[in-house]
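J.: Fold the following, please.
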Amino acid sequence: MNGYSLIIFVKSYCFVFVKIVTSRVVMFHTLSSKFRQMVILLALFAVVLPAQTESSFSGGDGTEASPYQISTVADLQQLATDINSGIPYTDKFFKLTKNLDLSSVCGKDVNGKEVSWAPIGTHGVETGYTPFEGHFDGNNHTISNLYINSENDYLGLFGLLRNGSISNLGVINSSVSGTGSYTRYIGGVCGYNDRGSISNSYNTGSVSSSDSYVGGVCGYNDGGTISNSYNNGSVSGKVSAGGVCGNNDSGTINNSYNSGNISGIGRNVGGVFIGGVCGQNTGTIKNSYNNGSVIGIDEIGGVCGRNDKGTIETCYNSGSVTGDGSYIGGVCGDNCGGTINNNYNSGSVSGAGNVGSVCGRNYEEGTVSNSYYDKQMSPIGGIEGNDDTENNVVGKLTSEMIGTSIFSDANWVTADNMYPRLKGIDTTAVAIVSATPIFLTNEETSFETSLAVRRHFTVGTGNNITWSSQQNKVSINGSAVTLIENGTDTLVCTLGSVTKLIALNVTDMLTKIEYIMINTASSSKYTLFPSHVTAGFYIDLGTEKGFVVIYNLDGKQMQMENVSGRQYIDISGYAQGLYIVKANGKSWKITKQ
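T.: From the prediction side, this is the model:
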């Protein structure tokens, strides 16, 4: 029995005793001394102890027309205190009137102590079931420096939401950590959503759990709705971790995305929806995408880790997906009797077993259809390493994925030299970065290792996108990427503060840049002149014969001539740029002007 229920219980019995006293005075005098003392004390208790009522906050009366005003940190604390004392504020309305900074009341060092925020709404042995059942409008304001480090369940700014709503709210620069061996239901905005609604809300801080059901926005969505929301903070958990939601249990996730990095140390880890968007789904995920990296062991997916008889529709993944175990997929890791339709993957995918560029495993009469993948970014087959042409689950070249090539329905926004984006959430920096491709040459399609690159390539630079290299195995000049030496590298696509990482492996270069290490003049045996030409050049093999082969910087053979002695080579039809000439074991570089 919680505190509020106890007060009502005691006051009710006081009322009964007082009624007896006031209506039967003679009987009162016949009572024993001890019994009379108890009646008097209880009567006084009923008079002195005030009823627990709703707080006034900074204004408003809790109606939709005049919502309670949350204007101070003390107001927000009072709401948590009231809810956790048993006042659910059912169908009452709240509005945040300005940005609030919680650093004065929670953090690693508050007056020399570590203090965790008390979530608004909870469920525990000591506290009982005390959900928030009202409607909280963040009014497009933020709450910063939320700090929770606890072994309890139901952690987040809101711990437990039931049949209520949270809207227009940002949780920024926060840290929410569940540290108990079995800590569950952890989210940046809300730990557990029981048939409520979370909309137009986001999280930018870190969220972690040593156990299960952890999400950037919401840990567990039980029959509720999450819409127009996003996460760009890091999320980590052992079971069911996702960028937007850890577990979507018969609920709906719509028009939402993740750009944070998602990691898991156990099963059922995906990224929005982790897998990227959602870790585990038995409901519906639609019109959502993931741009963050997703790393785990088993059942790892770009959009969803495990889809258990749920629906994933009109979604995409552009982040890298990596699993050390089995059932790893670009859109979904493991589809158990669910429906996956109208999706695509443009991110790299790798795993130990049951790996697919769209879905790692499809079983129990699950359906995967009309879903595509960029086979130059993830050349491993659509479902468990194989395409399904009958259901239109196939790989395409990057050039075939951009524009209106794969989707033309009203749910998608298309543009030249960009992957499709989702209508309504297409203009953010995250959406633009997620849809910006790299353009490998068409020959780069047949390698076992994801993104094993052997030829120079280009990158998309529209919309003020910039690129950089972390390990300098390649050189980037505008849109042109030149291979320098074998090894692993990470390309960083950047727009403002938003980034996308693309890991690649430069290997067995067909465009080895020997021209950096050779003379442009030639040797005592052979001569090529001039090195800067407008129409052609002379090559002199002396008394020998041989084939002269010309390559562009992508390794493409442009021309081959059988030369004897001295001969003029016409390249007047070539585009301006640098070319490599090889003959009898010698190499030169020439510049076509």
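J.: what residue ranges in the chain score low on pLDDT?
T.: Along the chain, segments meeting pLDDT under 70 span 1-52, 266-274, 443-450, 508-525.
J.: Need the single longest strand in it, by residues.
T.: The single longest strand within the chain, with elements called by DSSP state E, is strand 536-551.
J.: Give the pairing partners of that strand; include direction for each.
T.: Partners of strand 536-551 in the sheet, by DSSP bridges, are strand 527-529 (antiparallel), strand 557-570 (antiparallel), strand 577-583 (antiparallel).
J.: what residues does it touch?
T.: With contacts defined as CB atoms under 8 Å, 6 or more residues apart in numbering, strand 536-551 is touched by 511, 525-531, 557-572, 579-584, 590. Any C-beta I mention is one placed from the backbone N, CA and C, and that applies to glycine too.
J.: Can you turn the buried subset of the residues you listed into a selection I can paste into ChimeraX?
T.: Selection of buried members from the contacts of strand 536-551 for ChimeraX, criterion 16 or more other CB atoms under 10 Å:
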select :511,526,528,563,569,571,579,580,581,582,583,590
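J.: if I look at the residue minimising distance to the centre of the chain, how far off is residue 410?
T.: The centre of the chain sits closest to residue 258, judged by CA atoms, centre = their mean, with a distance of 2.6 Å. Per CB to CB, to the nearest Å, residue 258 is found 24 Å from residue 410.
J.: repeat for residue 346
T.: Using CB to CB, we find residue 346 at a distance of 21 Å from residue 410.
J.: for the chain, what spans make up the helices?
T.: Counting by DSSP state H, the chain has helices at residues 3-23, 25-30, 33-48, 73-84, 398-401, 429-434.
J.: Domain parsing of the chain, as residue ranges.
T.: 3-48, 88-412, 437-506, 514-592 (automatic domain parsing).
J.: ranking these by burial, who's on top?
T.: domain 88-412 (a mean of 25; mean count of other CB atoms under 10 Å).
J.: Give me the distance between the two termini of that one.
T.: In domain 88-412, first residue to last residue: 41 Å (CA to CA, to the nearest Å).
J.: chain center to it, what's the gap?
T.: Mean-position distance between domain 88-412 and its chain equals 7 Å (CA atoms, centre = their mean, to the nearest Å).
J.: can you pull the contacts of residue 184?
T.: By CB under 8 Å, 6+ apart, residue 184 lies in contact with 153, 178, 209, 211-213, 219-220.
J.: Kindly indicate which of these lies nearest residue 138.
T.: Ranked by distance to residue 138 (CB to CB), the contacts of residue 184 are led by residue 219 at 18.7 Å.
J.: if we can go back for a sec, I'd like the distance from the longest strand of the chain to the chain centre, please.
T.: For strand 536-551, the separation from the chain centroid amounts to 55 Å (computed by CA atoms, centre = their mean).
J.: For that strand, C-alpha coordinates in CSV please.
T.: What follows is strand 536-551, C-alpha atoms only, in CSV (Å, rounded to 0.1, in the frame of the first residue of the first chain):
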residue,chain,number,x,y,z
GLY,A,536,49.3,12.7,-78.2
PHE,A,537,52.8,11.6,-77.3
TYR,A,538,55.7,9.6,-78.7
ILE,A,539,57.0,6.4,-77.2
ASP,A,540,60.4,5.0,-78.3
LEU,A,541,61.2,1.3,-77.5
GLY,A,542,64.5,1.5,-79.4
THR,A,543,65.1,-1.8,-81.2
GLU,A,544,62.5,-3.6,-79.2
LYS,A,545,58.8,-4.4,-79.6
GLY,A,546,56.0,-4.5,-77.0
PHE,A,547,52.5,-3.6,-76.1
VAL,A,548,51.8,-0.1,-74.8
VAL,A,549,48.8,0.1,-72.5
ILE,A,550,47.2,3.2,-71.2
TYR,A,551,45.0,3.3,-68.0
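J.: Offset the numbering so it begins at 4, please.
T.: OK, 4 is where the count begins now, so the last one is strand 539-554.
J.: Minimum distance to residue 427: which of the domains of the chain has it?
T.: domain 91-415 (5.6 Å).
J.: Give me the distance between residue 457 and residue 443.
T.: Distance from residue 457 to residue 443, by CB to CB: 9 Å.
J.: typo on my end, it should be residue 569
T.: For residue 569, the distance to residue 443 - CB to CB - is 39 Å.
J.: just residue 463 next, same as before
T.: The value you get for residue 463 to residue 443, if CB to CB is used, is 12 Å.
J.: circling back to that earlier point, just the contacts of residue 187 now: which is nearest residue 198?
T.: For those, the nearest to residue 198 is residue 223 (11.7 Å; CB to CB).
J.: That closest one against residue 250, yeah?
T.: Yes: if you go by CB atoms under 8 Å, residue 223 and residue 250 touch, sitting 5.0 Å apart.
J.: overlap in contacts of those two?
T.: Taking CB under 8 Å, 6+ apart as the contact rule, residue 223 and residue 250 both touch residue 216.
J.: Run a quick check on residue 241 versus residue 214, I expect a contact.
T.: Yes: the pair residue 241 and residue 214 qualifies as a contact (CB under 8 Å) at a distance of 5.2 Å.
J.: Need the residues that contact stretch 379-393.
T.: 333, 348-352, 357-365, 371, 374, 376, 396-398, 400-401, 441, 443, 447-451, 453-454.
J.: Need the CA coordinates for it. PDB is fine.
T.: C-alpha atoms of stretch 379-393 as PDB (Å, rounded to 0.1, in the frame of the first residue of the first chain):
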ATOM      1  CA  GLN A 379      28.600  -2.400 -53.900                       C
ATOM      2  CA  MET A 380      28.300  -1.400 -50.200                       C
ATOM      3  CA  SER A 381      27.200  -4.900 -49.000                       C
ATOM      4  CA  PRO A 382      27.900  -7.600 -51.600                       C
ATOM      5  CA  ILE A 383      26.600 -10.600 -49.700                       C
ATOM      6  CA  GLY A 384      23.100 -11.300 -51.000                       C
ATOM      7  CA  GLY A 385      19.700 -10.200 -49.800                       C
ATOM      8  CA  ILE A 386      18.600 -13.000 -47.400                       C
ATOM      9  CA  GLU A 387      21.100 -15.300 -45.800                       C
ATOM     10  CA  GLY A 388      23.500 -14.500 -48.600                       C
ATOM     11  CA  ASN A 389      21.000 -15.100 -51.500                       C
ATOM     12  CA  ASP A 390      18.800 -12.800 -53.500                       C
ATOM     13  CA  ASP A 391      15.100 -13.600 -53.800                       C
ATOM     14  CA  THR A 392      14.100 -12.300 -57.300                       C
ATOM     15  CA  GLU A 393      10.600 -13.700 -57.000                       C
END
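J.: residues in contact with residue 279?
T.: The contact partners of residue 279, by CB under 8 Å, 6+ apart, come to 245-246, 261, 265, 273, 292-293, 295, 297, 304-307, 320, 322, 324.
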